[in-house]
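Engineer: with the input below, show me the fold.
(2 chains)
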Amino acid sequence: MKRIGLVLVMMLLAVSAASAQQVRIGGHGGTDTVILEEMIELFIRPALEGTGITVQYEPIADDFQRYIVNALSAGTAPDLFYLDSFWAGSVMRSGTVEPLNAYLEKSTVLRGEDIVRSLLDAFTIDGQIYGIPKDFNTLAVFYNKDLFDYAGVEYPSNDDNWDTFYEKLAAVAAIDPDIYGLALPPEYARFGALAHAAGFTPFDENGATDLFDPAFVDAFRWYTEMGLEGVGVMPADISQGWGGGALASEQVAAALEGAWILGSLRDEAPNMQYGATLLPKHPQTGQRGNIIYTVAWGMNANSPHKDAAFRVLELLTSEEVQQWILERGLAIPSRVALADNPYFTQDNVEAQSNYTVFLGASDGNVLPFSFGVYGGDWMQPIDQALSAVLSKQVGWEEALREAQTRLDAVMQR
Amino acid sequence: MAGMYRLRARRWTNVAAIYGFLLLLSIVFMGPFVFAFLSSLKDNPTEWPPSLLVNQLKPSNWAAAFNLAKQGGGNGFTGGFGPHGEIYFEATYWTAQGQEPAPPEVVVARRVQGGAALALRVEHYAADYTEVRDVHQVDQEPHEGGLLTTYGFTLVNTSDLHFDTVPMDLTVPMRQQFVSGTLTPNRIERLGRAQSWDNVSSGLFPYVLANYARVFRENYSVSTGKKLFGLWIRNSFFLAATRVLTTLIFASMAGYVLARLKFWGKGAIFGLLLFSMMVPQQVTFISNYLVLRDGIFGLSRLFGVPTLLNTYGGLIISGLVGASSVFIMKQFFERLPASLEESARIDGASTYTVFFRIMLPLAKPPLGALTILTFQGVWNEFFWPLVVITSPQDKYPLTLGLLTLQRTYGAASFDWGPILAGTFISALPVLILFVVFQQYFVEGISFSGNKE
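Structural biologist: Just a heads-up that it's a prediction; the model follows:
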């Protein structure tokens, strides 16, 4: 009996030693799988030859946030995984994500300064860096040139402020009752960029949120009045799910979206003559606003081989890999050095749109799409207020009062 | 006489009411299926208001899709644009009086459906090797206060390559209206100026079942190069078949033992069995997960497997047999007359002989019912595989595959066609199973008193 036990223990040891150097990477399923597997095949595997490190991508088809929180708790999380600024706040504070400062200091190829500052900030708490941003997106105005031509109006441009932008949109909307100027999704995820332009920040120095901040009210009224005047429309009202769908349907002339719209336009409206320009400036502040959406690579604090994982992380965010990603129009890279990439000056609309989105990250009041520990719960009351006003259920004041009450409840939890 | 007539009339009104009610029910239940199928054929499945006139179901388009592919040197049914193939295409436009009709600008587009990532592996585009030749006016006639003008042109494949898809766009000046083309365009854009086709050499089947073809064609694994959708269907069949097999074996044996043999603790075991049926899955799945993670308390390490997570072994072992299946079999065996068994015992048969030679052959009806119920259960099982199986995608059962489709098409580009097609395919086996084995389904339900 004793001998059997001994054999058992020895077998256990042998097995755990054999699987020592496999680095598991967890990310989204779907399109990301194809990109990541191709990337690993082309860059990561060749670079790791002879080191004994192997890499495996584990696509998660389900909701990724739910998966990673569960997997980190169960101890089955991959060694490296996506960390979205939107929900990273609570995960980073849980102690299950490895701080990377020590690794960055030792590294010869990856330092904090290599990455765009505002992106890195989204993953930094008290000086500790928990994630290396892999790419990002911001919002831009995507517009349908045909509709502007038809109305005989100038295209939106980088010189526009809210007033001139509104005038152009109103002129397009005047063509036909079924045609609108701007898609107005009732979401902070879009509207927030305008609030930022007016000078609003989600949290003041005391960590509180004031929806009656004049800047917020200004943006809120501009956005909702556009809908009430018939210049803009909620995508749902023209049976579309989002701004990109509304733009593709040719019923709206412009939409505030990120570079993710490109792939869908390619499929849904391949012949659309569209352009992209920076968001309009606020007439008084003279500033633009924007929201940064970014995803980083985080490391599992309980990973059995962290050094190998960091080696892979270095490769995943290397200049070579990011350039490949950029040149295929898949995403906008996070490395400072790639700002001057010749790709951005190419004479095609996708490259130029990507460049506009890239510029959006550093022009005006730009804040990451993240609301600390509150996560998406913080936005919900505002989204409901936008929806209620745009669908003419209540006036703006009442809607904001209601939203403020709900928001306070969320923040006291 | 009059009374009898009245009686008969009342009987007929009753019959009519019942039939009417059944008809209504079948419309209510079948309606969504028919609607989903029609939508899965459309270019824009979410079009609103939905129309029942689907381009893909027009015979004229069938003939055109077949002919175009045939001309292009491909197979008329499966499509393709072969080496040096030529496709002749016509399009008709209407112009109001005073506007000079202009020939369309023809472009073979350099695009791939399904997002940028899917384009990574495309080596050759038809756009780079196709020449548009001889755009000419074929016909012109007055029509409704204007002119109807038909233009014809030829697409020529100048290479030795074979292309699966030839996307094409025609653009005309503003206010020149498109009336018809050899094949109905997949979409009209730019306020009517641009007509766009996803594939003019698709062939008959990929034209009619475009979204279905996309599901099979566009989803492949980069690491193994295999097409995923077929693989997912195979995986689901494999898992379902295995589970059916283990369920049949273990449920019938356990059911027989509990029904017929006498031994100490039988009541307790049966009680535990019943108890396990009462505990909802949500309560046990975390502990089950941890058991699989540690390889059933380290047992699996004896076979060199450190964990049963992400393995079929884990899925199969955790689902060898369900308590309800044992219960169904026990109920059945209890109802069989004891004399059958006793006579065999007198002839000197052992318990095994009795079970395999006498009881099992009699148990065909409940085994049939179990087969169907189990197959259907595993085929549709989503939550547990989602928890256990993570990567690679080649391992997914179909239910997880559908979730992947949603990520690939839904989240990235709101492209619902392939998702709808995928779900429809996944519904087919159970639908067929139900139609073929209706009788067993009913029996299965009457055996168990509930369905699964």
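
Engineer: where does pLDDT dip in the stretch 351-452 of chain B?
Structural biologist: B:412-413, B:440-452 (pLDDT under 70).

Engineer: what does it have sitting close to chain A?
Structural biologist: Selection of the stretch 351-452 of chain B residues close to chain A by C-beta under 8 Å from any C-beta of the partner chain yields B:386, B:390-393, B:396, B:400, B:403-409, B:411-415. To be clear about C-beta, it is placed using only N, CA and C from the backbone, and glycine gets the same treatment.

Engineer: now the buried members of those.
Structural biologist: B:386, B:390-393, B:396, B:400, B:403-409, B:412-415 (16 or more other C-beta atoms under 10 Å in any protein chain shown).

Engineer: so which of those residues belong to strands?
Structural biologist: Per DSSP state E, strands hold no members of these.

Engineer: cross-check the contact I'm expecting between residue A:290 and residue A:193.
Structural biologist: Yes: using C-beta atoms under 8 Å, residue A:290 is in contact with residue A:193, at 5.0 Å.

Engineer: which residues do those two both contact?
Structural biologist: A:139, A:279 (C-beta atoms under 8 Å, 6 or more residues apart in numbering or on different chains).

Engineer: any idea how chain A splits into domains?
Structural biologist: A:21-138+A:293-345, A:140-292+A:372-412 (automatic domain parsing).

Engineer: I'd like those as CSV, with mean pLDDT appended.
Structural biologist: Converted to CSV, these look like this (pLDDT from 0 to 100):
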stretch, mean pLDDT
domain A:21-138+A:293-345, 91
domain A:140-292+A:372-412, 94
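
Engineer: nearest to chain B, out of those domains?
Structural biologist: Nearest of the domains of chain A to chain B, taken as C-beta to the nearest C-beta: domain A:21-138+A:293-345 at 2.9 Å.

Engineer: distance between the ends of the closest one?
Structural biologist: The first and final residues of domain A:21-138+A:293-345 sit 42 Å from each other (C-alpha to C-alpha, to the nearest Å).

Engineer: residue 222 in helix, strand or coil?
Structural biologist: In the absence of a named chain, chain A is used. At residue A:222 the chain is in helix, as set by DSSP: H, G, I helix; E, B strand; the rest coil.

Engineer: I was after chain B.
Structural biologist: coil.

Engineer: for the nearest residue to residue A:111 once chain neighbours are set aside, what are its contacts?
Structural biologist: The shortest distance from residue A:111 to any non-neighbouring residue, by C-beta to C-beta, 6 or more residues apart in numbering or on different chains, is to residue A:104 (5.9 Å). By C-beta under 8 Å, 6+ apart, the contact list for residue A:104 reads A:110-112, A:129.

Engineer: quick one: which of these has the most company?
Structural biologist: residue A:110 (22 neighbours; other C-beta atoms under 10 Å in any protein chain shown).

Engineer: and it, how far from residue A:136?
Structural biologist: Between residue A:110 and residue A:136 the distance is 17 Å, computed by C-beta to C-beta, to the nearest Å.

Engineer: and residue B:220, by the same measure?
Structural biologist: For residue B:220, the distance to residue A:136 - C-beta to C-beta - is 28 Å.

Engineer: and if you look at residue A:212?
Structural biologist: 31 Å.

Engineer: give the full set of residues in contact with the closest residue to chain A within chain B.
Structural biologist: Closest contact between chain B and chain A, by C-beta to the nearest C-beta, is at residue B:407 (2.9 Å). The contact partners of residue B:407, by C-beta under 8 Å, 6+ apart, come to A:28-31, A:61.

Engineer: okay if I get those as TSV plus neighbour count?
Structural biologist: Listed next are those as TSV, based on neighbours: other C-beta atoms under 10 Å in any protein chain shown:
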residue	neighbour count
A:28	22
A:29	25
A:30	24
A:31	23
A:61	26
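
Engineer: ok, longest strand in chain B?
Structural biologist: strand B:130-143.

Engineer: which strands and helices lie in contact with whatever helix or strand comes next after it?
Structural biologist: Downstream of strand B:130-143, the first helix or strand assigned by DSSP states H and E is strand B:146-157. Applying 3 or more C-beta pairs under 8 Å, 6 or more residues apart in numbering or on different chains; DSSP states H and E, we find strand B:146-157 packed against strand B:86-96, strand B:105-108, strand B:130-143.

Engineer: run the chain-centre distance for the second one.
Structural biologist: So that's strand B:105-108. Its chain's average C-alpha position is 35 Å from that of strand B:105-108, according to C-alpha atoms, centre = their mean, to the nearest Å.

Engineer: tell me which other helices or strands that strand touches.
Structural biologist: Going by 3+ C-beta pairs under 8 Å, 6+ apart, strand B:105-108 lies up against strand B:130-143, strand B:146-157, strand B:168-171.

Engineer: and the last one, by the same measure?
Structural biologist: Where contact means 3+ C-beta pairs under 8 Å, 6+ apart, strand B:130-143 is packed against strand B:105-108, strand B:146-157.

Engineer: may I see the buried residues of the shortest one?
Structural biologist: The neighbour-count check on strand B:105-108 (16+ other C-beta under 10 Å) flags B:106-108 as buried.

Engineer: as a markdown table, those residues with pLDDT would be great.
Structural biologist: Converted to a markdown table, the buried residues of strand B:105-108 look like this (pLDDT from 0 to 100):
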| residue | pLDDT |
| --- | --- |
| B:106 | 96 |
| B:107 | 95 |
| B:108 | 95 |
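
Engineer: for residue A:22, state which of those is nearest.
Structural biologist: Proximity of the buried residues of strand B:105-108 to residue A:22 was ranked by C-beta to C-beta; the top entry is residue B:108 with 45.2 Å.

Engineer: which strand residues bridge that closest one?
Structural biologist: Counting by DSSP bridges, residue B:108 forms beta bridges with residue B:168.
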